[in-house]
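Visitor: Provided below are the primary sequence and the corresponding predicted coordinates.
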Amino acid sequence: MPPAALPRVLLIEDDAKIAADVAEELSLRGFAVTVAETGTQGLESATIAAFDVMVVDRLLPGLDGLALIEQLRRQGDRTPVLVLSALSAVDDRVGGLKAGGDDYLTKPFAMEELAARLEALLRRPIETRESVLRAGPLVLDLIERSVRRDERAIELLPREFRLLEYLVRRPDRVLTRDMLLEDVWHYRFIPQTNLVDVHIGKLRRKVDAPGETPLIHSIRGAGFMLRTTG
């Protein structure tokens, strides 16, 4: 049996002690935590991997936390975000929410409250934080869980849909097997398996019908790509 999927948290916090304490506590509570120390690193992590929830410090080096959230929202990323800040004035909290944050927690905070707020964000209905994704001729409705290629409807199993969503969010980019195992299957270690190849093969047969321009490509020695450009 594969390991159970853990909720994936991206923690973007430049205070090393706070980051270490939060990561340790959330790991003990059953979260898989990735830590970024700057806004720039956080944006890169959020762009190349899929997370279930993010914790973003408001004041970050490299890229301010609110600017980071605004940029992710412009890119169509609807991952729920909890903003951490030492600023507790009403205007500061409102600013965090207007930037695209879903919740706001002031420092210092209790770990129990942080965990409870993350769990509450994860329970929110998907339609409050997801939208429609497009890549080339593909359209994914993340609310209805439906897929179309031009006018053709594509029926996918849940895991196939999650895999295609991951590809569509990262078009024209090489995605390694390890990335897919970590971000789609949530493996915390990388086993020796052909699981990715099997699912990519099934997905390719559904997405690339005979006579259609192939979208899903195998990149020899590297991984896979959803190619939407020539």
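Guide: On my side now, so go ahead.
Visitor: the helices in the protein, which residues?
Guide: For the chain, the helices defined by DSSP state H cover 16-28, 39-48, 65-74, 90-98, 111-123, 158-168, 177-183, 195-207.
Visitor: for this protein, what helix or strand is lowest in average pLDDT?
Guide: Ranking every helix and strand in the chain by mean pLDDT, DSSP states H and E puts helix 90-98 at the bottom, with a mean of 77.
Visitor: quick one on the thing from earlier: of all the helices of the chain, which one is nearest A135?
Guide: helix 158-168 (4.3 Å; CB to CB). C-beta: built from backbone N, CA, C; applies to glycine.
Visitor: what does that closest one contact?
Guide: Helix 158-168 is contacted by residues 50, 133-135, 138, 140, 142, 145, 147, 156, 175, 180, 183-184, 199-200, 202-203, 206-207, 216, 224, 226 when judged by CB atoms under 8 Å, 6 or more residues apart in numbering.
Visitor: Need the nearest residue in space to the residue positioned nearest the centre of the chain, chain neighbours excluded.
Guide: By CA atoms, centre = their mean, the mean C-alpha position of the chain lies nearest to A50, the distance being 2.3 Å. Spatial nearest neighbour of A50, excluding adjacent residues (CB to CB, 6 or more residues apart in numbering): D183 at 4.7 Å.
Visitor: Number of residues surrounding the one you found?
Guide: Applying the criterion other CB atoms under 10 Å, we find 20 residues in the vicinity of D183.
Visitor: Could you do T193 as well?
Guide: Counted by other CB under 10 Å, the residues lying close to T193 total 13.
Visitor: what's the answer for E112, then?
Guide: 10.
Visitor: rewinding a little: from the contacts of helix 158-168, which would you call buried?
Guide: A residue is treated as buried here by neighbour count (16 or more other CB atoms under 10 Å); on that basis the buried members of the contacts of helix 158-168 are 50, 133, 135, 138, 140, 142, 147, 156, 175, 180, 183-184, 199-200, 203, 206-207, 216, 224, 226.
Visitor: That concludes my questions; thank you for your assistance.
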